[in-house]
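Participant: can't give you the sequence, but here's the structure:
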């Protein structure tokens, strides 16, 4: 990165910080309320949702389980995504636990030398996803009051990620052409990799557990800090910028569709923080199809709050953030297009914007932790299913005359 770029980034950060400080001093009550709301969101939802995944993933990496899965699942992931079997572990963890698990695991694997730079860049494209707890529970049921809508959003999001992974398989392909030759792994070689990884790790089980919890808690504190910070920033921005007077908005502007006017503010808010953008879309009087397409765009993009958390984990690596931002922008576009296509062939029941929903969601720390544990168990079951499928496929190939 050039010195001019570094100076420009520092200047932008300084100016943004000064603006936030002025707004906080001007609106102290709103700032305090927003910070408390962000803290409550982190403690009651984000912390219990991500902690099980962070601890288990740290343990699996330390004990070499990920290397074992890499040997077994490389024949599946390499032809499709041009990535090693490690990507299957990161992908499943990311789609079950949600943002920002993917970047955290990718940074750990890349720092350990388990994956190359090009592989890490490809994995960032499709292994950085929102979780079902948010898309189906918080957005579909909690905000829209429609589980079918949450399912449409989740399916579009995952299909968009897979499409993005196939697209980015060509990233850096010229440099890694030799890696395209698939190995011929066996169960014995996978177990040898697992045993070798355990032998090279001289840490005791207690040390591994303690370090895993320590690293997970440190990551959670970073995430919590960003959530509180962006909660304050977004509240102040909504108060002073995104919600100008209706007369100012109407003015002499001419829109081909009045519904476009109500989409602008939520999308602007969603570029900063996806929950706020989704909430504003849920409260609007837009048709349900408009809401779902816009929400898919916002969730696929991720929001600057999520990107800041990802950047904090990737800061010690030399991975390109420009490519990362491009992949998330494409993810949002792909998800929105897929949502539009699904809605054209599958009609879901429309729910009034300000009506009384039949479904309610009131997440607590306990319920979120239990749901996350179930998702973690489902992810492990999916690992075993993939393992069995690969084993059966290799056995069938060997039996051919």
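Facilitator: Now that the structure is in, tell me what you want to look at. Since we're looking at a predicted model, the values are computed, not measured. Numbering: from 1, shown residues only.
Participant: from here on, just use CA atoms for contacts and neighbour counts.
Facilitator: Fine.
Participant: how much space separates residue 56 from residue 169?
Facilitator: From residue 56 across to residue 169, the span is 28 Å (C-alpha to C-alpha, to the nearest Å).
Participant: what of residue 324?
Facilitator: Distance, residue 324 to residue 169, by C-alpha to C-alpha: 14 Å.
Participant: identify the residues contacting residue 99.
Facilitator: The neighbours of residue 99, taking C-alpha atoms under 8 Å, 6 or more residues apart in numbering as the test, are 128, 129, 130, 131, 306.
Participant: can you pull the pLDDT of the fourth one?
Facilitator: pLDDT, residue 131: 83.
Participant: that one contacts residue 96, doesn't it?
Facilitator: Yes - proximity of residue 131 to residue 96 meets the contact threshold set by C-alpha atoms under 8 Å, at 5.3 Å.
Participant: picking up where we left off before, name the residue in residue 56 and residue 169 with the higher neighbour count.
Facilitator: residue 169 (21 against 17; other C-alpha atoms under 10 Å).
Participant: tell me the pLDDT at that one?
Facilitator: As predicted, residue 169 sits at a pLDDT of 88.
Participant: list the contacts for it?
Facilitator: Contact analysis of residue 169 by C-alpha under 8 Å, 6+ apart lists 80, 81, 82, 83, 122.
Participant: closest to residue 385 among these?
Facilitator: residue 80 (17.9 Å; C-alpha to C-alpha).
Participant: hang on, the closest one packs against residue 164?
Facilitator: No - look at residue 80 against residue 164 with C-alpha under 8 Å: they stay out of range, at 11.1 Å.
Participant: looking at the two, which has the bigger crowd around it?
Facilitator: Shown here are residue 80 and residue 164; by other C-alpha under 10 Å, residue 164 has more neighbours (22 against 14).
Participant: neighbour-wise, which one of the contacts of residue 169 leads?
Facilitator: Taking other C-alpha under 10 Å as the neighbour criterion, residue 82 ranks highest of those with 29 neighbours.
Participant: how near is the nearest residue to it once chain neighbours are set aside to residue 118?
Facilitator: Nearest residue to residue 82 in three dimensions, chain neighbours excluded: residue 169, at 5.1 Å (C-alpha to C-alpha, 6 or more residues apart in numbering). Applying C-alpha to C-alpha, the value for residue 169 to residue 118 is 9 Å.
Participant: how about the helix or strand where residue 304 lies: buried residues?
Facilitator: Element membership of residue 304, judged by DSSP states H and E, is helix 303-314. Buried residues in helix 303-314, counted by 16 or more other C-alpha atoms under 10 Å: 303, 304, 305, 306, 307, 308, 309, 310, 311, 313, 314.
Participant: same question for stretch 325-337.
Facilitator: Buried positions in stretch 325-337, judged by neighbour count with 16+ other C-alpha under 10 Å: 325, 327, 328, 329, 330, 331, 332, 333, 334, 335, 336, 337.
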